[in-house]
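Asker: structure, please.
(chains A and B)
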Amino acid sequence: MRGGALWQLGQSLTRRLSHSHPHRSNKHRSFAAAAGELKKTVLHDFHVENGGKMVPFAGWSMPIQYKDSIMDSTINCRENGSLFDVSHMCGLSLMGKDCVPFLERLVIADVAGLKPGTGTLTVFTNERGGAIDDSVITKVSDDLIYLVVNAGCRDKDLAHIGSHMEAFKAKGGDVNWHIHDERSLLALQGPLAAPVLQHLTKDDLSKIYFGEFRKLDINGSHCFLTRTGYTGEDGFEISVPSENAVDLAKAILEKSEGKVRLTGLGARDSLRLEAALCLYGNDMEQHVTPIEAGLTWAIGKRRRVEGGFLGADVILKQLEEGPAVRRAGFFSSGPPPRGHSEILSSSGEKIGEVTSGGFSPCLKKNIAMGYVKTGYHKLGTEVKIVIRGKSNDGVVTKMPFVPTKYYKP
Amino acid sequence: MAFKLWASSAANALKISCNGARAPLLPAFSISRCFSSVLDGLKYSNSHEWVKHEGSVATVGITDHAQGHLGEVVFVELPESGTSVSKGAGFGAVESVKATSDVNSPISGEVIEVNTKLSETPGLINSSPYEDGWMIKVKPSRPAELDSLMGSKEYTKFCEEEDAHH
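Answerer: Numbering: from 1, shown residues only, chains lettered A, B, ... in the order given. I've put the predicted structure just below:
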């Protein structure tokens, strides 16, 4: 058994933080020292004023939760609504008449086939067909793409995109980028998201469906609005000029009469797990292909024929022959599975590993996602999940665990 | 007892998979929470377990301070009666929505009873950490170990100092 202090919440967060800087000594450091190195969003003080418990996350000081428990916060998002500060994520625009063919070299999506003003979840692949990052991309127009990448992947993503862009331009391609560091990003999610936001804009939100994008005036400032999110609920991500972000957050909370609540990373993780959405770094990594991750749907039909993205040979071959492992969802008894819990077949053979797991606040039972050998991914397959040396019963279950409520025509 | 993980979001940010390795403890919260109750007459360990010694029986649980930091407990893993436990070593685990943590025994001895109610109602640890949420009863093999534990005043101060550091 492990020793140590019971209450060191967020230890693994900080552990990972210290691991990500291997040149630093692993000495016990004070929060103040760690905080000094952390970036703050423009909403930082607002979070603290509202009881946010700030933790280091991807080099940022972010709220893990506020006054509500993670359980209550998760449920409130599905019953009413949540407001998340996701300004640590990196928004960028690709401009130029060749921005579509440029991006298609790097992602699996049929960007050319997207209608202007619509977007999709996609994956940036490497030469081996593995995932560099996942991202929501929007084709604003044929010469403008807006996308958001993970905070923790920002540096490697920008280096990757940047080096390919340089090569592309050297061959005469017309593409440039702008990184939206002047903007902040808020995610408004849940059944009250649309009615509350409608109070703050003249545009008719009922005309904007899941995956669609608009530039519009919200609460008096020029925003980029995407009807998307990371909770499985209907909702929006709002890119707002940073100087207007606190006012917008206050206006949203006020218009909801307290029903939409500030929500931290803890509940965000529960929500995305219930919606069976992959978390890059856990459920998707450099060596995992989109096919294995169950994101075959995100490979445009034309792309399946033509390829033309990094790792297409590997991915298209897997598409034809089927992958050796696949992402699957599980219910289980006993303690909640966590990342790296072993998955065994009913006869005791090791068939895979959990990549994300926990107790579902909405379903009130354990849920998990993990990768298992093909064949064992079929619904109803009985498995064992090993936690602290003990086998617990599990069963392959359909995903998402909690039905999604996207706003579709 | 160590929090193995709370939320996998961290890995997203940091591109590092959790391998379960031990790591230095770093504080997570910047605000202090000094509102938890500490009872007189109990003894406390620096890993936030309490022990109540009555006659030949020592009852063990986790403190109000600990449950407050953990959040809603959703699963409790306990040993079987007859198992021996030793001071400072883990005997079980408490799982909350965000974290897994091992629970250490503040005293050595033999487990003579476990709180079976916790398997149905793990939330007793939150609602009644010192009464209904007790975890195990131990027959101490070295009762003198109790002397090395903290009293209520000392433990209150310990929590305050620990929170202040964070």
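Asker: looking at chain B, which helix is longest?
Answerer: Ranked by number of residues, the top helix in chain B under DSSP state H is helix B:152-165.
Asker: can you give me the buried ones in it?
Answerer: For helix B:152-165, the neighbour count (16 or more other CB atoms under 10 Å in any protein chain shown) marks B:Ser152, B:Tyr155, B:Thr156, B:Phe158, B:Cys159, B:Glu162, B:Asp163 as buried. For glycine as for every other residue, the C-beta is placed from the backbone atoms N, C-alpha and C.
Asker: can you tell me the closest non-neighbouring residue to the fifth one?
Answerer: Here the nearest residue to B:Cys159 in space, its sequence neighbours aside, is B:His65; by CB to CB, 6 or more residues apart in numbering or on different chains that works out to 5.0 Å.
Asker: wait, is the one you found part of a helix?
Answerer: Yes: assessed with DSSP: H, G, I helix; E, B strand; the rest coil, B:His65 lies in a helix.
Asker: whatever helix or strand A:His164 lives in packs against which elements?
Answerer: Remark: A:His164 resides in helix A:154-170, with elements defined by DSSP states H and E. Under the contact definition 3 or more CB pairs under 8 Å, 6 or more residues apart in numbering or on different chains; DSSP states H and E, helix A:154-170 sits against strand A:90-95, helix A:99-104, strand A:118-125, strand A:131-141, strand A:176-179.
Asker: so what's the nearest residue to A:Arg302 once chain neighbours are set aside scoring on pLDDT?
Answerer: Of all residues not flanking A:Arg302 in the chain, A:Asp110 sits nearest, at 5.1 Å (CB to CB, 6+ apart). On the pLDDT scale, A:Asp110 is placed at 98.
Asker: so A:Asp110, which state does it fall into?
Answerer: Applying three-state DSSP: A:Asp110 is coil.
Asker: how many neighbours does it have?
Answerer: Neighbours of A:Asp110 under the rule other CB atoms under 10 Å in any protein chain shown: 19.
Asker: list the contacts for it?
Answerer: A:Asp110 is in contact with A:Glu104, A:Gly300, A:Lys301, A:Arg302, A:Arg303, counting by CB atoms under 8 Å, 6 or more residues apart in numbering or on different chains.
Asker: list the beta-bridge partners for B:Val57.
Answerer: B:Glu54 (DSSP bridges).
Asker: how close does it get to chain A?
Answerer: B:Val57 is 23 Å from chain A, where distance means CB to the nearest CB, to the nearest Å.
Asker: mind checking the backbone torsions on the closest residue to A:Val325 other than its chain neighbours?
Answerer: Residue nearest to A:Val325 in three dimensions, not counting chain neighbours: A:Tyr371, with 4.7 Å by CB to CB, 6+ apart. In terms of degrees, to the nearest 10, the main-chain angles of A:Tyr371 are phi -110, psi 130.
Asker: so A:Tyr371 touches A:Gly352, yeah?
Answerer: Yes: if you go by CB atoms under 8 Å, A:Tyr371 and A:Gly352 touch, sitting 4.9 Å apart.
Asker: any residues in contact with both of those two?
Answerer: A:Val325, A:Ala328.
Asker: residue of chain B with the smallest distance to chain A?
Answerer: Chain A sits closest to B:Gly90 of chain B, with a gap of 2.3 Å, by CB to the nearest CB.
Asker: I'd say that residue and B:Thr100 touch.
Answerer: No: between B:Gly90 and B:Thr100 there is no contact under CB under 8 Å: 11.6 Å.
Asker: who's more crowded, the two?
Answerer: Taking other CB under 10 Å, B:Gly90 and B:Thr100 do not tie; B:Thr100 has more neighbours (25 against 22).
Asker: from B:Val111, how far off is the residue positioned nearest the centre of chain B?
Answerer: Centroid-nearest residue in chain B, with CA atoms, centre = their mean: B:Ile62, separated by 3.7 Å. The gap separating B:Ile62 from B:Val111 is 16 Å, by CB to CB, to the nearest Å.
Asker: same question for B:Asn46.
Answerer: 22 Å.
Asker: just the strands in the stretch 201-350 of chain A please.
Answerer: A:213-218, A:221-226, A:235-241, A:260-262, A:325-332, A:342-345, A:350-360 (DSSP state E, counting those that start in this stretch).
Asker: a markdown table for the ones you listed, including distance to A:Phe46 and mean neighbour count?
Answerer: Formatted as a markdown table, the strands of the stretch 201-350 of chain A follow (distance: least, CB to CB, whole Å; neighbours: other CB atoms under 10 Å in any protein chain shown):
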| stretch | distance to A:Phe46 | mean neighbour count |
| --- | --- | --- |
| strand A:213-218 | 17 | 18 |
| strand A:221-226 | 16 | 20 |
| strand A:235-241 | 13 | 24 |
| strand A:260-262 | 8 | 23 |
| strand A:325-332 | 36 | 22 |
| strand A:342-345 | 42 | 20 |
| strand A:350-360 | 28 | 24 |
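Asker: distance of the residue of chain A most remote from its centre from B:His53?
Answerer: Distance from the C-alpha centroid of chain A, by CA atoms, centre = their mean, peaks at A:Ser347 (34.9 Å). Distance of A:Ser347 to B:His53, computed by CB to CB: 47 Å.
Asker: now do A:Glu182
Answerer: Distance, A:Glu182 to B:His53, by CB to CB: 62 Å.
Asker: quick one: which of the two has more around it?
Answerer: Between A:Glu182 and B:His53, counting by other CB under 10 Å, B:His53 is the more crowded of the two (17 against 11).
Asker: surely the more buried one meets B:Pro140?
Answerer: Yes: with contact defined as CB under 8 Å, B:His53 counts as touching B:Pro140 (7.2 Å).
Asker: setting aside sequence neighbours, what's the nearest residue to residue 68?
Answerer: Just going to use chain A. Closest residue in space to A:Asp68, ignoring its immediate chain neighbours: A:Arg261 at 6.4 Å, by CB to CB, 6+ apart.
Asker: right idea, wrong chain: chain B
Answerer: Closest to B:Gly68 by CB to CB, 6+ apart is B:Ser36, at 5.1 Å.
Asker: what is the neighbour count of that neighbour?
Answerer: 17.
Asker: compute the number of surrounding residues for A:Lys207.
Answerer: Quick note: A:Lys207 (other CB under 10 Å) scores 9 neighbours.
Asker: go through the strands of the stretch 201-350 of chain A and name the closest to A:Leu379.
Answerer: strand A:325-332 (8.7 Å; CB to CB).
Asker: what's the distance between A:Tyr407 and B:Val111?
Answerer: A:Tyr407 is 54 Å from B:Val111, by CB to CB.
Asker: when those two are compared, which one has more neighbours?
Answerer: A direct count of neighbours by other CB under 10 Å for A:Tyr407 and B:Val111 places B:Val111 higher, at 22 against 18.
Asker: mind checking the SS state of the more buried one?
Answerer: Recorded secondary structure, B:Val111: strand (three-state DSSP).
Asker: hmm, it is touching B:Thr83, no?
Answerer: Yes: assessed by CB under 8 Å, B:Val111 is found in contact with B:Thr83 at 4.8 Å.
Asker: about what we covered before: pull out the buried members of the contacts of A:Asp110.
Answerer: Using 16+ other CB under 10 Å as the burial test, the contacts of A:Asp110 include A:Glu104, A:Gly300, A:Arg303 as buried.
Asker: what's the closest of the residues you listed to A:Ser360?
Answerer: Nearest to A:Ser360 among these is A:Gly300, at 32.4 Å by CB to CB.
Asker: not counting sequence-adjacent ones, nearest residue to the closest one?
Answerer: Nearest to A:Gly300 is A:Asp110, by CB to CB, 6+ apart, at 2.4 Å.
Asker: quick check, pLDDT for residue 89.
Answerer: All of this refers to chain A. 96.
Asker: the chain in question should be chain B.
Answerer: For B:Ala89, pLDDT reads 95.
Asker: and if you look at the one 3 residues further on?
Answerer: Note for B:Gly92: predicted pLDDT of 95.
Asker: separation between it and A:Gly357?
Answerer: For B:Gly92, the distance to A:Gly357 - CB to CB - is 19 Å.
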